[in-house]
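Visitor: Have a look at this prediction, sequence included:
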Amino acid sequence: MEVLVVACVLGAFVLAFVVVSYERELRSIASFLGKRERGSNQRVTVEYPTHGVTGVARAINAYLDEERCRCIAEDERRSAFQQDLASLSHDIRTPLAGAQGYLQLYAREQDPRKRERYVAEAEERLSVMRALVDQLFEYTKAADPTHALELSSVQPYPLLAETLAGAYPDFAERGWSPRICFDDEDIAVRGNEEALRRVFSNLTVNALRYGCGAPEVVQRGRRLEFRNPVADPASIDTNRMFARFYRADGARAGGASGLGLAIVAHLCEAMGARVDA
């Protein structure tokens, strides 16, 4: 009988010790989580590595690792966005400053021919600035997740032909003859006519601005490919081509915003399509 009593007392003592240990570990973990800074690389440690407490600590640490990775990625995105905005701000201010300079020259000049040239130069720089601002507005609209497109059956071929025909003077100036190779010119897809026209327009402008030869558009089944040669393929990061503000070396010339292909990607996504390079 006495042995049984002693065993019960010892059992109760052990149970109490386990409960107190668990309580202490849980309080320690709670205190750690309350004081830990977001994004910190600190991890939960345990004093009494029982199976249960160790499992809890392991699960919490896995979550903290995921949170830290998210914080790092968020910081990188924020930093990249700020750098991109700074670059875009510079690109907008440059033509604006040029326009102001020519208008100042206009105000001081008496020669009518020079005054006319100064006004033309100022207008050209303001046009560049307006194009940059328009692209930023278009990107904001295309990237808005609440902006849903009305989808219907659309034939890509007529829209593409219309877009390329509209750019004929630019192609003729370069001596280029674009090619359209469709397996089925009557093919219809589910999309938005205005959005698809903008996609074709942006891709055409991109080919004219950065290409060194006539583009070729090929349709095979449900896949549509825009192809155009470039002078320096090594300077292009194909993994980032459709990223916001991405521009290859030297692409800022001519008022490039780095948003044209990003708009293409967002519009295609809104129509249930996918783009790659």
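Guide: Thanks, I have it.
Visitor: Just the buried residues of stretch 161-178, please?
Guide: A161, T163, L164, A167, F171, W176, P178 (16 or more other CB atoms under 10 Å). For the C-beta atoms, the positions are set from N, CA and C on the backbone; glycine is no exception.
Visitor: I'd like the residues you listed laid out as a markdown table, including secondary structure, distance to R240 and pLDDT.
Guide: A markdown table is the format used below for the buried residues of stretch 161-178 (DSSP: H, G, I helix; E, B strand; the rest coil; distance: CB to CB, whole Å; pLDDT from 0 to 100):
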| residue | secondary structure | distance to R240 | pLDDT |
| --- | --- | --- | --- |
| A161 | helix | 30 | 94 |
| T163 | helix | 25 | 94 |
| L164 | helix | 27 | 93 |
| A167 | coil | 26 | 93 |
| F171 | helix | 27 | 93 |
| W176 | coil | 26 | 95 |
| P178 | coil | 26 | 94 |
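Visitor: now the strands for the stretch 51-200 of the chain?
Guide: For the stretch 51-200 of the chain, applying DSSP state E, counting those that start in this stretch gives strands covering 152-154, 179-182, 189-191.
Visitor: Against which helices or strands is the first one packed?
Guide: Packing contacts for strand 152-154, counted by 3 or more CB pairs under 8 Å, 6 or more residues apart in numbering; DSSP states H and E, involve strand 189-191, helix 193-210.
Visitor: average model confidence for that strand?
Guide: Strand 152-154 carries an average pLDDT of 94.
Visitor: Can you give me the buried ones in that strand?
Guide: V154.
Visitor: Tell me which strands it pairs with, and in which orientation.
Guide: Under the criterion DSSP bridges, strand 152-154 sits next to strand 189-191 (antiparallel) in its sheet.
Visitor: Kindly report the same for the longest one.
Guide: Strand 179-182 has these partner strands in its sheet, going by DSSP bridges: strand 216-220 (parallel).
Visitor: And for the partner strand, what's in contact with it?
Guide: For strand 216-220, the surrounding residues in contact (CB atoms under 8 Å, 6 or more residues apart in numbering) are 156-157, 160, 164, 178-184, 187, 224-228.
Visitor: nearest to T50, of the helices and strands packed on strand 152-154?
Guide: strand 189-191 (57.6 Å; CB to CB).
Visitor: So which bits of that closest one are buried?
Guide: Those would be V189, G191, for strand 189-191 by 16+ other CB under 10 Å.
Visitor: ok, now which ones touch E37?
Guide: Contacts for E37 were tallied using CB under 8 Å, 6+ apart; there are none.
Visitor: Three-state assignment for it, please.
Guide: coil (DSSP: H, G, I helix; E, B strand; the rest coil).
Visitor: What's the per-residue pLDDT of it here?
Guide: Per the predicted model, pLDDT is 74 at E37.
Visitor: and if you look at F32?
Guide: pLDDT recorded at F32 is 74.
Visitor: Please apply the same query to C8.
Guide: For C8, the pLDDT comes out at 61.
Visitor: Could you do the one 10 residues further on as well?
Guide: The score at V18 is 57. That number is its pLDDT.
Visitor: What of A131?
Guide: So, for A131, pLDDT stands at 81.
Visitor: Same question for G98.
Guide: 90.
Visitor: Could you tell me how many residues sit around R68?
Guide: 16 (other CB atoms under 10 Å).
Visitor: ok, it to A188 distance?
Guide: To A188, R68 is 48 Å away according to CB to CB, to the nearest Å.
Visitor: swap in V275?
Guide: Taking CB to CB, one finds V275 at 20 Å from A188.
Visitor: ok, back up a step: out of the strands of the stretch 51-200 of the chain, which is closest to K141?
Guide: Nearest of the strands of the stretch 51-200 of the chain (CB to CB): strand 189-191, 16.7 Å.
Visitor: Which residues does that closest one contact?
Guide: Contacts of strand 189-191 (CB under 8 Å, 6+ apart): L149, L151, S152, S153, V154, Q155, P156, R222, M271, G272, A273.
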